[in-house]
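A.B. asks: Show me how the following folds:
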Amino acid sequence: MENRLLLSIVIGVIFTCLFSLMFVLTPKIQKLIHKSAQAKKFDVHFIFEINDKAAGGAYPNQYFLKKGIEELKTRANHFTRQNSVHSTNDHKISVQLYNVWRSDSFIVVNVFDPHLSIGFYETYAINEIEPFLKALHKSERIEAYKRNLTDSIIFFSQPSMMSGSIFFPVELGQARIRDSAIVRHLLSNDSVQKFVPNNTILLFGNMIGSPSFFSIYAVKTNAGPEETILTGNDIEDVRQDYTNSGDVEVRIKFNRKGGRKWGNITGHNVGKSIAIVINNVVITAPRVSAKIVEGNASLAGRFTVEEAQTIALELNAGRFTFPLSLVQKEFKQIRPSFLNTHRDIIAIILCFILFTAIAYFILPLVLPPTNAKS
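C.D. replies: Numbers count the residues shown, from 1 in each chain. I've put the predicted structure just below:
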């Protein structure tokens, strides 16, 4: 009897360890490796309040409060299921996100920003801004020498062959995120700034698939009060989809006014790139292959489904359907832990009990009976 119980416990421990490795620890380890460059996690807390004037003066406005909780919950679920969205006693909405990766923190801020800035800009290719790039390269070499660096600070883009012709990228160069302060210093240098064309701003951009690097862009601005050629107000809907060949894409549907603008813009920029900018960060810069008059845009590239969904969420995020104001924002860094939820621990304990019980009742069926001594 004692040997049977002891053997059941040993079998229970073995199968529980296998279960934990396969279904609990392995996904966490893979996610940790995938985001090793941005391994820190945060708990994020936002507090929103109803804008009384925009809500028509009703207080408390239960309709806007309910709709606000629903939409904020949808946005929170995109980043983590470990979240809490609820109303407070003073008729505000509290949003708490747990275990958010540092690499997602910038996107989180965008998605929950009621005043998110979205713009579409024409871009400069590297062959159109050569004097600036030469000045920047010279300044970068001097700075690297001063800092005794053996590697480059900025990795400048080079032309390449595409479909039998020379292709000039709009990414002026790439740099490591840890060097962003140095790059900002180089770009603000007077010896570099004097070569920047008029009505031009220099922006950083995300690099798809390379979370530890960023890209550098030069985009053209309009001289009038509306410096961008398209804004978030011209967008009707954005969603993640698939192309006919099965590639991941982001589909943008413009409203009537935005569709007319998009047709004019694409007609004047065939063969060039349009930068899509959120809060002064370029999230993507698709190349225009032909004039588009249907009022739709398809952004296809090396996106994963998650990346495409994030871009769609960011572009849709600027259009809150209810009048909210962000009154508090707090990030709290946490220590990473494999078993950071009660659900994981309870699942492991229940598996141990289950496997041990199964082993205890099955052992007599598979082991030969022991003969009692007479």
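
A.B. asks: wait, Gly267 sits on Lys291?
C.D. replies: Yes: counting by C-beta atoms under 8 Å, Gly267 touches Lys291, with 4.0 Å between them. In short, each C-beta sits where N, CA and C put it, glycine included.

A.B. asks: got the residue ranges for the helices in the chain?
C.D. replies: 2-19, 26-34, 62-79, 102-111, 130-146, 180-187, 190-193, 256-268, 305-317, 342-366 (DSSP state H).

A.B. asks: Tell me who's in contact with Ala317.
C.D. replies: With contacts defined as C-beta atoms under 8 Å, 6 or more residues apart in numbering, Ala317 is in contact with 75, 110-113, 116.

A.B. asks: now, which of those sits nearest Leu354?
C.D. replies: Arg75 (37.2 Å; C-beta to C-beta).

A.B. asks: Now do the same contact list for Thr356.
C.D. replies: Neighbouring residues of Thr356 by C-beta under 8 Å, 6+ apart: 8-9, 11-12.

A.B. asks: Can you say which of those residues are buried?
C.D. replies: When the contacts of Thr356 are checked for burial by 16 or more other C-beta atoms under 10 Å, the buried set is 8, 11-12.

A.B. asks: before we move on, back to that, turn the helices of the chain into a markdown table, including distance to Met207 and mean pLDDT.
C.D. replies: Below are the helices of the chain laid out as a markdown table (distance: least, C-beta to C-beta, whole Å; pLDDT from 0 to 100):
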| stretch | distance to Met207 | mean pLDDT |
| --- | --- | --- |
| helix 2-19 | 38 | 77 |
| helix 26-34 | 15 | 51 |
| helix 62-79 | 20 | 83 |
| helix 102-111 | 12 | 77 |
| helix 130-146 | 18 | 94 |
| helix 180-187 | 13 | 94 |
| helix 190-193 | 22 | 94 |
| helix 256-268 | 24 | 89 |
| helix 305-317 | 11 | 81 |
| helix 342-366 | 33 | 77 |
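
A.B. asks: Okay, and the beta partners of the residue lying closest to Trp262 once chain neighbours are set aside?
C.D. replies: Counting by C-beta to C-beta, 6 or more residues apart in numbering, Phe254 is the residue found nearest to Trp262 once chain neighbours are left out, at 5.3 Å. Going by DSSP bridges, Phe254 is paired in beta bridges with Ile235.

A.B. asks: wait, Phe254 sits on Val293?
C.D. replies: No: between Phe254 and Val293 there is no contact under C-beta under 8 Å: 11.1 Å.

A.B. asks: Between those two, point out the one with more neighbours.
C.D. replies: Ranked by neighbour count (other C-beta atoms under 10 Å), Phe254 and Val293 place Phe254 first, with 22 against 13.

A.B. asks: residues touching the more buried one, list them.
C.D. replies: For Phe254, the contact set (C-beta under 8 Å, 6+ apart) comprises 230, 234-236, 261-262, 295-297.

A.B. asks: Out of these, which is nearest to Asn99?
C.D. replies: Asn99 has its nearest neighbour among the contacts of Phe254 in Ile235, at 30.6 Å by C-beta to C-beta.

A.B. asks: Give me the pLDDT for the closest one.
C.D. replies: Looking at Ile235, its pLDDT is 87.

A.B. asks: Number of residues surrounding it?
C.D. replies: Neighbours of Ile235 using other C-beta under 10 Å come to 21.

A.B. asks: likewise Asn269?
C.D. replies: Look at Asn269: counted by other C-beta under 10 Å, it has 16 neighbours.

A.B. asks: swap in the one 5 residues further on?
C.D. replies: The burial count assigned to Ile274 is 24, neighbours taken as other C-beta under 10 Å.

A.B. asks: That one: what's its closest spatial neighbour, skipping adjacent residues?
C.D. replies: With C-beta to C-beta, 6+ apart, the residue lying closest to Ile274 is Phe120, at 5.6 Å.

A.B. asks: Could I get the contacting residues of that neighbour?
C.D. replies: 228-231, 265, 274-277.

A.B. asks: how near is the spatially closest residue to Thr356 that is not a sequence neighbour to Ile362?
C.D. replies: Distances taken as C-beta to C-beta, 6+ apart place Gly12 nearest to Thr356, at 3.1 Å, with adjacent residues excluded. Going from Gly12 to Ile362 by C-beta to C-beta, to the nearest Å gives 12 Å.
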